[in-house]
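S.K.: sequence? don't have it. structure:
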C-alpha cells in the first residue's frame, strides 16, 4: 500500500503509523504490556507525534494507560540510535519483569557508546565519560539530577 501526502508519494517506511490509541483495548484486556521508545532528535519521525499518540492512549484508557503501556523518550537520540545520547539500552528484561512478575518499569538504564565500545557513537560530546549512563523515565517524567553523586552515572538521577 502506498500513501500520498501533499502530492508526494511515500514509500512503506515513511507511511508507518502506530495503531490507533483506541485499538489497544484487546492488548490491555489480555494483560499485554507495551514499551515504546523514541529518540527526541529523530529526524525521520517526530517524537512529538509519538507523545501525541501516547496522550491519546491515555485519554482512551481513562488516564490509566501506564498500567499496560509506557513511553520512554531518549534525549538527544536520533532515529533508533546515535546523536549526543545514551543510546544503548535493553528494554526486554524490563518488559519480561513487567509481564512475568508484575514489576512495572519505572526506569530503564541507558548507556553511552563511548570509546572502548565495540561500536562507539562518534557523535558523543568530547566531555562525556565513555561510560556515561542515564535513566530513561516513563513519560511524562524526565531524568533529573538528584543534587549529589557523579553526574556521569544514572544512580545520581531520579525520574520526576
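M.R.: Done, it's in. In this text, all values refer to a predicted model and were calculated from it rather than measured experimentally.
S.K.: Helix, strand, or coil at the residue nearest the centre of the chain?
M.R.: The centroid of the chain falls nearest to residue 37 when counting by CA atoms, centre = their mean (2.2 Å). Under DSSP: H, G, I helix; E, B strand; the rest coil, the three-state class of residue 37 is strand.
S.K.: and the gap between the closest residue to it other than its chain neighbours and residue 152?
M.R.: Leaving out its chain neighbours, the residue that sits closest to residue 37 by CB to CB, 6 or more residues apart in numbering is residue 72, at 4.4 Å. Every residue, glycine included, has its C-beta placed from N, CA and C. Counting by CB to CB, to the nearest Å, the gap from residue 72 to residue 152 is 20 Å.
S.K.: One more: residue 78?
M.R.: From residue 78 over to residue 152 the distance is 21 Å, taken as CB to CB.
S.K.: more neighbours, these two?
M.R.: It is residue 78, of residue 78 and residue 152, that has more neighbours when counted by other CB atoms under 10 Å, with 19 against 15.
S.K.: Could you verify my assumption that the more buried one touches residue 45?
M.R.: No: taking CB atoms under 8 Å as the definition, residue 78 is not a contact partner of residue 45, at 10.8 Å.
S.K.: is it true that residue 70 touches residue 57?
M.R.: No: here residue 70 does not reach residue 57: they are 10.4 Å apart, not a contact under CB under 8 Å.
S.K.: Any idea how many residues pack against residue 135?
M.R.: Neighbours around residue 135, by other CB under 10 Å: 22.
S.K.: Give me the pLDDT value at it.
M.R.: Looking at residue 135, its pLDDT reads 98.
S.K.: Can you verify it is assigned to a strand?
M.R.: Yes: applying three-state DSSP, one finds residue 135 inside a strand.
S.K.: Not counting sequence-adjacent ones, nearest residue to it?
M.R.: Using CB to CB, 6+ apart and skipping residues adjacent in sequence, the residue nearest residue 135 is residue 107, 3.9 Å away.
S.K.: ok, that neighbour - how many residues close by?
M.R.: The number of residues packed around residue 107, counting by other CB under 10 Å, is 18.
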